[in-house]
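Asks: Next one to model:
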Amino acid sequence: RPCILICFDGDSAKGSARSVRGVNLFELVGRSSKYLDNFGGHEMAVGLTLKKENYDNFLKDVTEHADSEIPDEALIPTCEAELEVGEEAFSSDFVRSLSVLEPFGNGNPYPSVVATGLKIRSIVGVGGGKHTRLTLEKNGKEITAMWFNHASEELDCTEGDLIDIFCSITEKTFRQRPMLNVTVKSIRFSGENEDPRYRECYRAYREEGRDLPEDCRINRRIMVALYRYLIASALNGAKESTVLKRTETVIRAVSNRYNVPFNYCRMMLCLDTMQELGLIRYTGEKILSVTIYRTEEKVDLCRAHDWDKISSAEKG
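Replies: Below you'll find the predicted structure:
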């Protein structure tokens, strides 16, 4: 998130702000400059001064501009790789070929690469569950990769899934033998895409009141699958927590993990119902920000206003 830190000294205050790629912080702060004594900077960083009496108005105004102008996509961290590689890159020869780019360090970081279409053979928690070891395969080549500081429960994928990994490939000597190190930095499903028909079904139902086809309707089993996924994604166990996910990731993960037929329309109907019943609050269409309110009480889905219209004839 872009961030503005403001410190008070008597009746005046000074602020320092930093942004993220895709958000012009100078323009954003400038829209609320009527509450500032002075400000300056550039797209990624801004300094400002203001009177304490103007702080509340500035906070309200700049937040409203941010909420309306910053796209959801700008709030998802992105990874930039130097190269897309095939299975042949997972070798000592490839690592040694990178030596021509040395020395690595500040201003010249070690290259990161993307490998696509890798099939997950196994997922194993290591280091007391703090880290995850992945065994992957592509075109008959087996690849072992480590995802440090991520528990196996955090993976949206399961064994058998095809994934793309953003990683670094290095080599070290162990017991006088070279050993390849593949360090995963990010994972996504291969070829993520969603069927636009389901997005159109949801729009037509909400905006035009059209009937839902059977493969877009939901039931308790589907609702429970999505809710369990959201709870598992939050991980921290707090009574209120927020998760940020791409819709394509949610659809694929719920389908794979809970073995339910899931799509965009079903996902949005479930989210609408959960929100109406006070289980969650969500925003976004392509990028979902979902705040989960944990409760021990059972919820009667029939209390939802549209339940008869959106529920499937399937039992459960």
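Asks: Off-centre distance for stretch 176-191?
Replies: 20 Å (CA atoms, centre = their mean, to the nearest Å).
Asks: try stretch 21-35
Replies: Its chain's average C-alpha position is 25 Å from that of stretch 21-35, according to CA atoms, centre = their mean.
Asks: Okay, buried residues for it please.
Replies: For stretch 21-35, a neighbour-count test (16 or more other CB atoms under 10 Å) marks 23-26, 28-30, 32, 35 as buried. Bear in mind the C-beta positions are built from the backbone N, C-alpha and C, glycine included.
Asks: does the most centrally placed residue in the chain sit in a helix or strand, and which one?
Replies: The geometric centre of the chain, computed from its C-alpha atoms, lies nearest to K245 (CA atoms, centre = their mean), at 3.7 Å. Following DSSP states H and E, one finds K245 within strand 240-246.
Asks: Which neighbouring elements make contact with that strand?
Replies: Under the contact criterion of 3 or more CB pairs under 8 Å, 6 or more residues apart in numbering; DSSP states H and E, strand 240-246 touches helix 220-234, strand 287-293.
Asks: Follow the chain on from the shortest one and name the next helix or strand.
Replies: Put plainly, it is strand 287-293. With elements assigned by DSSP H and E, the helix or strand that comes after strand 287-293 is helix 307-310.
Asks: distance of the closest residue to W307 other than its chain neighbours from L271?
Replies: Closest residue in space to W307, ignoring its immediate chain neighbours: L301 at 5.7 Å, by CB to CB, 6 or more residues apart in numbering. As for L301, its distance to L271 is 14 Å (criterion: CB to CB, to the nearest Å).
Asks: now swap in M146 and tell me
Replies: The span separating M146 from L271 equals 34 Å under the rule CB to CB.
Asks: Looking at these two, which one has more neighbours?
Replies: Counted by other CB atoms under 10 Å, M146 and L271 do not tie: L271 has more neighbours, with 22 against 16.
Asks: Just checking: what are the partner strands of the helix or strand of the chain with the lowest mean pLDDT?
Replies: Every helix and strand in the chain was compared by mean pLDDT, DSSP states H and E; the lowest is strand 240-246, with a mean of 80. The strands beside strand 240-246 in its sheet (DSSP bridges) come out as strand 287-293 (antiparallel).
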